[in-house]
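# turn this into a structure:
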Amino acid sequence: MKRVIVFLFGLSGLCGSVVAAEGGEIHFRGAIIEAPCAVEHDETSLSMLCWRDHELQPHSIAWRQLERGDNTLWQAQIKTETLSQANVKRVTITYP
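Model (predicted):
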C-alpha cells in the first residue's frame with residue numbers, strides 16, 4: 001500500500017505550490033514493481049497519473065466531489081483534513 005500526503009496552502013495558491021525535502025535516506029526491503037503515481041492539483045480538481053499494467057493511466061476527481069464525501073479515486077482512498085491554519089489542507093492519498 002502506498003501513501004501520498006499533499007499539503008495545500010489556500011485555494012488561490014493551489015497552482016504550482018510544491019514543497020520538497022532536501023536530502024534524507026530511504027531504507028526498504030523488497031522490489032519496486034511500478035513507479036509511484038504522480039499527483040497534480042489545481043483549483044477545481046485532484047489528478048493522479050499512475051503506471052498500471054505497463055500503461056500510464058490518468059485519473060481525476062473534482063474537489064467538490066471530495067467535499068461531498070466521495071473519497072475514492074480509481075483504487076485510491078483520499079482523506080482531506082483542514083489544519084489549524086485556515087488556508088491549509090492536508091490531503092492523504094492511499095493506494096495499492
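# got the buried residues for the one helix or strand Ser47 maps to?
Per DSSP states H and E: Ser47 is located in strand 45-52. For strand 45-52, the neighbour count (16 or more other C-beta atoms under 10 Å) marks Ser45, Leu46, Met48, Cys50 as buried. Bear in mind the C-beta positions are built from the backbone N, C-alpha and C, glycine included.
# now swap in stretch 22-37 and tell me
Cys37.
# now it, how far from the centre of its chain.
Centroid separation for stretch 22-37 versus its chain: 17 Å, with C-alpha atoms, centre = their mean, to the nearest Å.
# pull the residues that contact it.
Lys2, Val4, Met48, Leu49, Cys50, Trp51, Arg52, Ala76, Ile93, Tyr95 (C-beta atoms under 8 Å, 6 or more residues apart in numbering).
# can you give me the helices in the chain?
For the chain, the helices defined by DSSP state H occupy 63-67.
# distance check, Ala49 against Ala86.
One thing to correct before we go on: residue 49 is Leu, not Ala. Look at Leu49 and Ala86: by C-beta to C-beta, to the nearest Å, they are 30 Å apart.
# pipe the contacts of stretch 22-37 into JSON lines and attach distance to Phe28 and pLDDT per row.
What follows is the contacts of stretch 22-37, written out as JSON lines (distance: C-beta to C-beta, whole Å; pLDDT from 0 to 100):
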{"residue": "Lys2", "distance to Phe28": "12", "pLDDT": "67"}
{"residue": "Val4", "distance to Phe28": "16", "pLDDT": "66"}
{"residue": "Met48", "distance to Phe28": "22", "pLDDT": "92"}
{"residue": "Leu49", "distance to Phe28": "23", "pLDDT": "92"}
{"residue": "Cys50", "distance to Phe28": "19", "pLDDT": "89"}
{"residue": "Trp51", "distance to Phe28": "18", "pLDDT": "85"}
{"residue": "Arg52", "distance to Phe28": "21", "pLDDT": "82"}
{"residue": "Ala76", "distance to Phe28": "21", "pLDDT": "87"}
{"residue": "Ile93", "distance to Phe28": "19", "pLDDT": "88"}
{"residue": "Tyr95", "distance to Phe28": "17", "pLDDT": "80"}
